[in-house]
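1. Sequence plus predicted model, see below.
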Amino acid sequence: MEGVSTRSLRDLAWFERSLEANASALFLDDERLIAGDWDGGIYCWDLEGETLWRVQTNNRVANFAKGANFLFAVCGRDLVCIDLESGELQWEYELEGSSDLVACTPDGQIILATSSVFDLEMNDFIESTLWRFNAEGDLIRSDSIDERPWAMEMRNDGVAFLPLSRPRCGMIRAGEDGLHHTPLPTDSPATCGFTGQQHMVIGHADGTLTGIDDGMVMDDEIYTNQPGPIESISATEPGFLVAAAIESGSVGASFGGAEGLARAYDENGKLLWQIETTLGRNIEHVMFGPAIKDTTSAWIASWDERQSNLDVYTVSEGEPIFRISMESRINTIVGNSEYIGIGFDDGTVYLLQGDLLTRRLSSEDEVEGDENRSKLAEKLRRLRS
């Protein structure tokens, strides 16, 4: 991102808040920003930054889902239901193992959660469970799985699709009648998934991208395979972003030893642009953000064990807009057409808003331009003298 200045996140932010522990999960809608931390704290603010409520749960908050006027969160071993308006805890249920994912129908009548058991000796997940609840918190059924699901897409009728890791890989269809396994075009384990369009995009360890539309595999020509394991996906109009990890010196890759690769595609799978990181810097998150100067933004978060870089580009052309550098690691990021929220390992949470961001960037550019003109004028005066 040569030639683009590094900006202060604090100067650009709509608001900044501090959690009591490391930020672990974020949720953003048209009315509120919600953050969860590693100690089980859940914090809710309106989009002006006013605190609406706070709830304390038992352990690390991993994931959120919204249904009707309720927020569902997986926290440590628990699934909790919170009233979005009051912040009152409606019910909670202790799962087996560590909770991972949660999803629900738009009306909040059916809730699914996953939990998994990690074996320290094998250094792998040995079993997972898929839990199905009704709106009152009653357990409808639970099903054991030999693999860990890494994403979950849920239809309005309560049927869900979950891509799996080893040994079976593939995908399961989860309904009221139980689980049904389906192989995918690749036998590589899933690493991540994102639902942001009318379908889900799954990333795999071998660099394959699989599109799932209502449980059916989409034409694989839409999604180009990547040259390394998929680390992160952001799928929303007008297309999708994908980040992959590249082994240094990959034969035929022509990435110049880059450690991370981020690519932007349009809705038809056409490559718009790509960026590469330097050796040792991994891309951990990609996210669509608000319009800046009348164009949708793409946010690329990377980490090199010492410093986080948040590089912002135009989606259409891949033109660099600005960079933010922080000593703390970015743990979670969430965005929409107007706002983007960022949660850090030091417990700070920032919300940025598109119009204010555009104004502040323009103002800083004018100040920088005035400073450059002043320096040039001073040099000319010295030369004349």
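-> Everything's here; your move. Numbers count the residues shown, from 1 in each chain.

2. Which strands or helices does the helix or strand Arg263 falls within pack on?
-> For Arg263, the host element (DSSP states H and E) is strand 260-266. Counting contacts by 3 or more C-beta pairs under 8 Å, 6 or more residues apart in numbering; DSSP states H and E, strand 260-266 is packed against strand 239-245, strand 271-276, strand 282-292, strand 295-303. Glycine gets a C-beta too; all of them are placed from N, C-alpha and C.

3. average model confidence for the shortest one?
-> Read that as strand 271-276. Strand 271-276 shows a mean pLDDT of 94.

4. again, but for the first one
-> Strand 239-245 shows a mean pLDDT of 93.

5. got the CA coordinates for it in PDB?
-> Extracted in PDB, the C-alpha atoms of strand 239-245 (Å, rounded to 0.1, in the frame of the first residue of the first chain):
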ATOM      1  CA  GLY A 239     -19.700  -9.800  -4.900                       C
ATOM      2  CA  PHE A 240     -17.400 -11.500  -2.400                       C
ATOM      3  CA  LEU A 241     -13.900 -11.200  -0.800                       C
ATOM      4  CA  VAL A 242     -11.700 -14.100   0.000                       C
ATOM      5  CA  ALA A 243      -8.400 -14.400   1.900                       C
ATOM      6  CA  ALA A 244      -6.000 -17.400   1.500                       C
ATOM      7  CA  ALA A 245      -2.700 -18.400   3.200                       C
END
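
6. Give me the residues contacting it.
-> Applying C-beta atoms under 8 Å, 6 or more residues apart in numbering, the external contacts of strand 239-245 come out as 194, 196-197, 201, 203, 207, 209, 226-235, 259-267, 272, 282-288, 298, 300, 315.

7. Report the buried members of these.
-> 194, 196-197, 201, 203, 207, 209, 226-235, 259-265, 272, 282-288, 298, 300, 315 (16 or more other C-beta atoms under 10 Å).

8. show me what contacts the nearest residue to Ser86 once chain neighbours are set aside?
-> Once flanking residues are discounted, Ser86 sits nearest to Trp53: 6.7 Å by C-beta to C-beta, 6 or more residues apart in numbering. Counting by C-beta under 8 Å, 6+ apart, Trp53 makes contact with 44, 86-87.

9. which residues does the residue nearest the centre of the chain contact?
-> Central residue of the chain (C-alpha atoms, centre = their mean): Ile333, 5.2 Å from the mean position. Shown in contact with Ile333 (C-beta under 8 Å, 6+ apart): 26, 285, 287, 299, 301, 340-343.
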